[in-house]
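1. sequence and computational prediction follow.
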Amino acid sequence: MNKVVLMGRLTRDPEVRYTSTNNTLVASFSLAVNRRFARQGEERQADFINITAWDKTGEFCSKYFKKGQQVGIIGRIQTRNYDDKDGKKVYVTEVVAEEAYFADSKREGEQNPFGGNTAADAPFNSATAPSEFSQVTDDDLPF
């Protein structure tokens, strides 16, 4: 099984190009993914992972992702190689994005990129909520 789940920040805006054979959109960007632990006294480090997104996923990434945004990517690791202009073999390991998500918390005054409100933006309305659900207040939480 080849499955990768990443959450990190874009180090640059996605770069878009099109294949020469069938004009397919390809978006490329890099994700800074923090390592889980740091040795005592050291700063936490990050890995910089190259991401490639094709077709609709690539279109989504190129349209809505910007440098510095935290995003989630689900995909697969892919390796490939080619000969550069000097005839040297170049090896590339990258993640091919199959799914892409926003992972930033919504900032005050920030607009939904799709225009309009999402369900998360809308206030809870007990009159329109399904009958098996009820509104929960902070007093109802055990923590």
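-> Ah, there it is. Quick caveat: nothing in here was measured; it's all calculated off a predicted structure.
2. mind checking how far Ile77 is from Val92?
-> 11 Å (Cβ to Cβ, to the nearest Å). C-beta here means a position set from N, CA and C on the backbone, and glycine is covered the same way.
3. one more: Thr79?
-> 7 Å.
4. neighbour count for those two, which is higher?
-> Counted by other Cβ atoms under 10 Å, Thr79 and Val92 do not tie: Val92 has more neighbours, with 11 against 8.
5. the closest residue to the more buried one other than its chain neighbours sits in which helix or strand?
-> Nearest non-adjacent residue to Val92, counting by Cβ to Cβ, 6 or more residues apart in numbering: Arg80, 5.2 Å away. Secondary structure from DSSP states H and E places Arg80 in strand 70-83.
6. using the three-state scheme, assign the residue nearest to Val16 when sequence neighbours are not counted.
-> In this structure, Val16 finds its nearest non-sequential neighbour in Ser62, 4.7 Å apart by Cβ to Cβ, 6+ apart. Following DSSP: H, G, I helix; E, B strand; the rest coil, Ser62 is assigned to helix.
7. what pLDDT, on average, does stretch 95-105 get?
-> For stretch 95-105, mean pLDDT rounds to 93.
8. and for stretch 72-87?
-> The predicted model gives stretch 72-87 an average pLDDT of 96.
9. what about the strands in this protein?
-> 4-10, 15-18, 25-34, 46-54, 70-83, 89-102 (DSSP state E).
10. buried stuff in the second one?
-> By 16 or more other Cβ atoms under 10 Å, the buried positions in strand 15-18 come out as Val16.
11. going forward, the N-terminal residue is numbered 47.
-> New numbering, starting at 47: the last item is strand 61-64.
12. pairing partners for it, with directions?
-> strand 71-80 (antiparallel) (DSSP bridges).
13. what does the fourth one give?
-> Strand 92-100 sits in its sheet next to strand 71-80 (antiparallel), strand 135-148 (parallel), going by DSSP bridges.
14. between strand 50-56 and the shortest one, find me the angle.
-> It refers to strand 71-80. Going by axes from the mean of the first three to the mean of the last three Cα atoms, to 10 degrees, strand 71-80 is angled at 90 degrees with respect to strand 50-56.
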